[in-house]
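Peer 1: pasting a predicted model and its sequence here:
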Amino acid sequence: MQTTGQSLTFLALFLPFIAAAAAPFLTRYLKHNAAWVLALAPAWIFFHFTGFLETVGKNGAVTAGYDWIPSLGVRFSWFLDGLSLTFALLISGIGTLIVLYAGGYLKGHEHQGRFFSFILMFMGAMQGLVVSDSFLMLFVFWELTSITSFLLIGFDHGREASRRAALQALVVTGLGGLSLLAGLLVTWMATGQSELSALVTSGSVLRDSPFYLAALVLVLGGAFTKSAQVPFHFWLPNAMEAPTPVSAYLHSATMVKAGVYLVMRLNPVMGETAEWETILPLFGGATLLTGTLLAVRQTDLKLMLAYTTVASLGLLVMLTGFGSEKAVEAAVLYLIAHSMFKGALFMVAGTIDHEAGTRDVRRLGGLRAAMPVTFAAALVAAISMGGLPPLFGFLAKEEIYAALGFSDGWTIFLLVVAIIGNALMFAVGFAVALKPFLGPHRDTPKHAHEGPVLLWLGPVILGLAGIVAALFSEWSHGLFSSPMATAVAGTPVEVHISVVPHLSVPLALSAVTIVLGVLVYLAIDRLRDAIAATLTTVGWGPDKGFDQAMRGLIRGSRGVTQVIQSGKLDIYMTITFVLVAASMLVPMVVFDELPAVPDFPDMHFYEWSIIAIAVIGLGAVIYAKDRLTAIVSLGIQGFAVALLFMIFGAPDLSFTQFMVETLSVVILALVMTRLKLTPADHRPTVEKLVDISVAAACGAGFGLTLLKVTQGPFDATLTEFFNAYSYTIAHGRNVVNVILVDFRGLDTLGEIAVVMVAGLSILALVRIRTRKPRADEVAAKGAA
């Protein structure tokens, strides 16, 4: 890639964040029409990435970037192959439509500018995630999607349900992010690779590693929580508390597909093992059935679509883990089709809610005449979701059945799961697209009419895109499907399926799916009641389990806090000093590192005099009758140390010690005189013995540690470094001062901050006054 291309791609990655910063200001002046201006950012990104289609189709991948932390080998790099490029186009293309849709949907909302900012940041996070090459960059953007989705789901923060859903999504995906981080570190350790472009071409290095299973479980922990696989599926439907533009974007092309992207990305290096081909189909199949059954249970249009998204994600995971080239082709086709029809259906559901005032399918009907464009867009999307020609969803469903087949019992089991799941999604898709528009007209909270162009433009474009991609399948496969399947499979793959039906087993299975889907559609009300009764009988579910876990965490935290934080300063100090003493003494005893008994030093009389002063001061502290005397006596120790510094040739350090000790004694004495603390020591004998023991242990620990250090060989590396560079680099001849203010200047700044905070705390204590009771308080006490 040329330097210009690198710069433009770098701009494409950060343009959503730049637009997010400008969004509030543009919205203030342009109101909802700011959507037209802000949509230019993702539109430009879309057209920028289309420029890589030919290169990726011919060469397979494009990598580039900049050194980020060269000393650690970390780069800010991106990796564009068929998989990441298709995701980037979906994110930016659908993102353009979502920004426009949000302009109409939130027209007049007082916080529309904030919403634009959040959705663009979310777009940038997801865009960065799918094109990231380095592990660190991938993880940073992965976590950024969790944070920005938290802001979007909790956008209507005045409602408790929104706050709960946002927190739930953040906790579940955040924990998954930690699992992913551990998995990436294990993968890095096992393969020596820290970039995806190198990892996917490393062959079976990871599969042959003894750390493969650990890496697999940890990475899948991140992928399953992000893509709402059972039993982590509960957070995604609750995220419907967000405004509909978020739901449409979240469920079509962005965050919920991040886990699927990760699974597809790692398929070449983690696939083709028994663990991979067992775990993914089992969890994916369970998620497919769970999502579709719960979708039938719902009456809210958005929840119906949300649970089918859960099911679709399960289907994608199941196909990716199946382990055949055909299954990869099916997964790729279905992912593209799902992005288009699900985005359209969510925008349709939002338009119905916006114009009719309700999303309850039981209260809707007869809207076809009032909302003809929306009805047409909904019908086209439902046809694709049902897997009918001439939509792109038909290609995906045919390829699913061609991939699974009848080769053995395992594939037959997964085939049955796929048929049941697709039939239920067929019924739910047409329930969303037909029931609000057909039948007798029903009164709705608002007088329904066709929405403005900003509301129906997105669904219409996505519906037309599904038709064009299917009718010109050779063209769409060459640009998107084949390169993406090649990246997922790790070997060249050519997708050839067309929209023209052929008499075959997959077509027969499609017919079975349609018949079952029609039957479920006709009986959907009875099935809804039956599933609701079953769930009521069961009573418990993962959503309730999350609440129980959070309550348990809070109770446990409170219990731990009560144990380790009693509110008594003397206990805190005792525990702190016990741990300090143990950290020094225990390792020396356990590892037999006690210092040798030193020879008695030959000291001069003035040195003996200084030690005698220190001992006298120690005795004065111990036998002081009040705290003020003890504080003054304690200063004697510091002055003795200052004298030692002076006689050993460190006058500047000695002067600093004198100043610190003087100020400490003055300030502490001032505090003690103002606080009027009880002068007597009322500690019981047992407590005194404990304090004596702890003090002796700390003194012994420090003394033995220093003695051990002085008995070891002296390493003069730092001394030589500071002597050599204090003047040439820092331009100071006083080495100690240079160390304090230059080489470790930030540390010194931190110490100054600590002293400042301590001074402010002391000032607050000094200013304490015993408040005299008011007259009414005295009278009330007397009356009592």
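Peer 2: Received, thanks.
Peer 1: every contact and neighbour count from this point should use C-alpha atoms.
Peer 2: Noted.
Peer 1: for the stretch 51-200 of the chain, what spans make up the helices?
Peer 2: Secondary structure of the stretch 51-200 of the chain, counting by DSSP state H, counting those that start in this stretch: helices at 53-59, 82-105, 112-131, 135-153, 160-191, 196-199.
Peer 1: mind putting those helices into JSON lines with mean neighbour count and distance to F546?
Peer 2: JSON lines is the format used below for the helices of the stretch 51-200 of the chain (neighbours: other CA atoms under 10 Å; distance: least, CA to CA, whole Å):
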{"stretch": "helix 53-59", "mean neighbour count": "15", "distance to F546": "43"}
{"stretch": "helix 82-105", "mean neighbour count": "26", "distance to F546": "30"}
{"stretch": "helix 112-131", "mean neighbour count": "26", "distance to F546": "25"}
{"stretch": "helix 135-153", "mean neighbour count": "23", "distance to F546": "17"}
{"stretch": "helix 160-191", "mean neighbour count": "21", "distance to F546": "8"}
{"stretch": "helix 196-199", "mean neighbour count": "19", "distance to F546": "34"}
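Peer 1: can you tell me which of the ones you listed is nearest to V328?
Peer 2: Nearest to V328, of all the helices of the stretch 51-200 of the chain, is helix 82-105, at 11.6 Å by CA to CA.
Peer 1: for the residue most central in space within the chain, list the residues it contacts.
Peer 2: Nearest to the mean C-alpha position of the chain, by CA atoms, centre = their mean, lies E143 at 3.0 Å. Listed by CA atoms under 8 Å, 6 or more residues apart in numbering, the contact partners of E143 are 174, 177.
Peer 1: from I91, how far off is it?
Peer 2: The gap separating E143 from I91 is 17 Å, by CA to CA, to the nearest Å.
Peer 1: list the contacts for the nearest residue to N33 once chain neighbours are set aside?
Peer 2: Closest residue to N33 in three dimensions, ignoring its sequence neighbours and counting by CA to CA, 6 or more residues apart in numbering: G103, at 6.6 Å. Contacts were defined as CA under 8 Å, 6+ apart; by that measure G103 touches 32-36, 112, 454.
Peer 1: tell me which of those fall in helices.
Peer 2: Restricting these to those inside helices, with DSSP state H as the criterion, leaves 34-36, 112, 454.
Peer 1: and A369, what are its phi and psi?
Peer 2: A369 has phi and psi values of phi -70, psi -40 when expressed as degrees, to the nearest 10.
Peer 1: pLDDT on stretch 205-218, on average?
Peer 2: Stretch 205-218 shows a mean pLDDT of 95 in the predicted model.
Peer 1: can you list contacts of that stretch?
Peer 2: Outside of stretch 205-218, the residues that reach it under the criterion CA under 8 Å, 6+ apart are 179-180, 182-184, 186-187, 190-191, 269-270, 273, 275-276.
Peer 1: now it: buried residues?
Peer 2: Neighbour-count burial for stretch 205-218, with 16 or more other CA atoms under 10 Å as criterion, is recorded at 205-207, 211-213, 215-218.
Peer 1: could you dump those into TSV and include secondary structure?
Peer 2: Compiled in TSV, these are given as follows (DSSP: H, G, I helix; E, B strand; the rest coil):
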residue	secondary structure
V205	coil
L206	coil
R207	coil
F211	coil
Y212	helix
L213	helix
A215	helix
L216	helix
V217	helix
L218	helix
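Peer 1: adding distance to E241, write the residues you listed out as TSV.
Peer 2: Compiled in TSV, those are given as follows (distance: CA to CA, whole Å):
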residue	distance to E241
V205	44
L206	41
R207	41
F211	40
Y212	39
L213	37
A215	34
L216	33
V217	31
L218	29
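Peer 1: do you know how far the nearest residue to A369 once chain neighbours are set aside is from T358?
Peer 2: Once its chain neighbours are removed from consideration, A369 has its nearest residue in F437; the separation is 8.0 Å (CA to CA, 6+ apart). Between F437 and T358 the computed distance is 13 Å (CA to CA).
Peer 1: which of these two has more neighbours?
Peer 2: For F437 against T358, the residue with the higher neighbour count under other CA atoms under 10 Å is F437, and the figures read 26 against 20.
Peer 1: dihedrals phi and psi, that one?
Peer 2: In terms of degrees, to the nearest 10, the main-chain angles of F437 are phi -110, psi -30.
Peer 1: does it really touch G365, like I thought?
Peer 2: Yes: under the criterion of CA atoms under 8 Å, F437 is in contact with G365, at a separation of 5.1 Å.
Peer 1: against G285, how distant is G321?
Peer 2: Computed as CA to CA, the G321 to G285 distance reads 11 Å.
Peer 1: oh sorry, the question was meant for V37
Peer 2: If you measure V37 against G285 using CA to CA, the figure is 43 Å.
Peer 1: and the two? which has more neighbours close in?
Peer 2: When neighbours are counted by other CA under 10 Å, V37 and G285 differ, and G285 comes out ahead with 30 against 15.
Peer 1: who's in contact with the more buried one?
Peer 2: Neighbouring residues of G285 by CA under 8 Å, 6+ apart: 314-315, 318, 414, 417-418.
Peer 1: change it to 6 Å
Peer 2: For G285, the contacting residues are 314, 318, by CA atoms under 6 Å, 6 or more residues apart in numbering.
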